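Enquirer: build me a model:
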Amino acid sequence: MSTPSKDIALKIEDLNVYFGDHHDLFQAVKSASFTVEKGASFGLVGESGSGKSTILKALTGLAPQWEGHMHVAGQDLGRKRDRTFYRTVQMVFQDPYASLHPRQSVDQVLSETLHLHGFRDIDDRVDQLLRDVGLGPAFRFRYPHQLSGGQRQRVAIARALAPEPQILLLDEPTSALDVSVQAEILNLLSDLRKEHHLTYIMVSHDLAVVAHMCDRAAVMQNGEIVEILSIDDMRNDRSSHDYTRHLLAASANRVA
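Expert: Below is the predicted model of the structure:
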């Protein structure tokens, strides 16, 4: 495997991911390769079952049957993920209703995360995290059932920011939200990326979301990356693969 330069946040080479065993073995990702520069936002797009979320699961250790090479922030990834990895890489999940513990207050969610990663000035950090995501300290002692979907996702984003990561993995972060708040969350993520010098890898089936958030995108079909193109090329229909053109044509929100 080639050694990535210091400007590369993430490099994946010939990644294969499997589920099941023996006769029931299913290959969900086939020879995927791409690089993401530090500070960039990279999209993984495709229809349901194309393998895009599975790549994130392999990165975070949630899909342990994989082969190939994954290089994150200067380190080769092996089979285990340690605390250093989770200080570097955090994930925002699709469903804010499922990703927060219903019996934990916002304060507990954020304080426990900060404590786990060895921070001491927890009170000040909790208040700052809530301000960073546009909630403020007034939300600190509320429970998930007292929050709207958009507010829950803001808490989930604050939790991901707590360890001060370099890379955020965004798995359909707005698809479970009302249309009226999707743009607010996307704009928040764009602002946070600039303020905190973050690198994003975003999974989405929505080409309009990817066009708004990302610099480049890999198009996936049946577990394979069929094309990697810039968002400018996507906006101007400069794709070289029939499947990409099909996605663009079928998109309910035309990329503009």
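Enquirer: contact partners for P165?
Expert: Counting by C-beta atoms under 8 Å, 6 or more residues apart in numbering, P165 makes contact with 86-90, 198. For the C-beta atoms, the positions are set from N, CA and C on the backbone; glycine is no exception.
Enquirer: looking at these, which is nearest R131?
Expert: L198 (17.0 Å; C-beta to C-beta).
Enquirer: quick check, the closest one in contact with L168.
Expert: Yes: counting by C-beta atoms under 8 Å, L198 sits close enough to L168 to count as a contact (5.5 Å).
Enquirer: below-threshold pLDDT in the stretch 151-256 of the chain: ranges please.
Expert: Counting by pLDDT under 70, the stretch 151-256 of the chain contains low-confidence ranges at 252-256.
Enquirer: hmm, 80 instead?
Expert: 249-256 (pLDDT under 80).
Enquirer: can you give me the neighbour number for the nearest residue to T60 once chain neighbours are set aside?
Expert: Nearest non-adjacent residue to T60, counting by C-beta to C-beta, 6 or more residues apart in numbering: M91, 5.8 Å away. The number of residues packed near M91 is 22, by other C-beta atoms under 10 Å.
Enquirer: wasn't M91 part of a strand?
Expert: Yes: per DSSP: H, G, I helix; E, B strand; the rest coil, M91 lies within a strand segment.
Enquirer: next, the contact list for it, please.
Expert: 56, 60, 160, 168-171.
Enquirer: roughly how far is the one helix or strand M234 maps to from the heart of the chain?
Expert: Assigned by DSSP states H and E, M234 belongs to helix 231-235. Offset of helix 231-235 from its chain centre (C-alpha atoms, centre = their mean, to the nearest Å): 21 Å.
Enquirer: show me which residues of that helix are buried.
Expert: Along helix 231-235, these residues count as buried under the neighbour rule (16 or more other C-beta atoms under 10 Å): 231, 233-234.
Enquirer: now these as CSV including distance to A156?
Expert: Formatted as CSV, the buried residues of helix 231-235 follow (distance: C-beta to C-beta, whole Å):
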residue, distance to A156
I231, 25
D233, 32
M234, 28
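Enquirer: relative to I185, which of these is nearest.
Expert: Ranked by distance to I185 (C-beta to C-beta), the buried residues of helix 231-235 are led by I231 at 19.0 Å.
Enquirer: where's the closest one relative to R103, distance?
Expert: Counting by C-beta to C-beta, to the nearest Å, the separation of I231 from R103 is 41 Å.
Enquirer: one more: Y97?
Expert: 14 Å.
Enquirer: quick one, which of these two is more surrounded?
Expert: Y97 (14 against 9).
Enquirer: give me the phi and psi for that one.
Expert: Main-chain dihedrals, Y97, degrees, to the nearest 10: phi -70, psi -30.
Enquirer: how about S204?
Expert: phi -160, psi 150.
Enquirer: that one: neighbouring residues, count only.
Expert: Neighbour count for S204, taken as other C-beta under 10 Å: 25.
Enquirer: could you measure from L186 over to A250?
Expert: For L186 relative to A250 (C-beta to C-beta), the value is 21 Å.
Enquirer: ok so, going back, which of the contacts of M91 fall in strands?
Expert: Cross-referencing those against strands under DSSP state E gives 168-171.
Enquirer: and those residues, which are buried?
Expert: Of the ones in strands among the contacts of M91, these count as buried by 16+ other C-beta under 10 Å: 168-171.
Enquirer: so which strand or helix has D107?
Expert: helix 106-116.
Enquirer: what's the first helix or strand after that helix?
Expert: helix 122-132.
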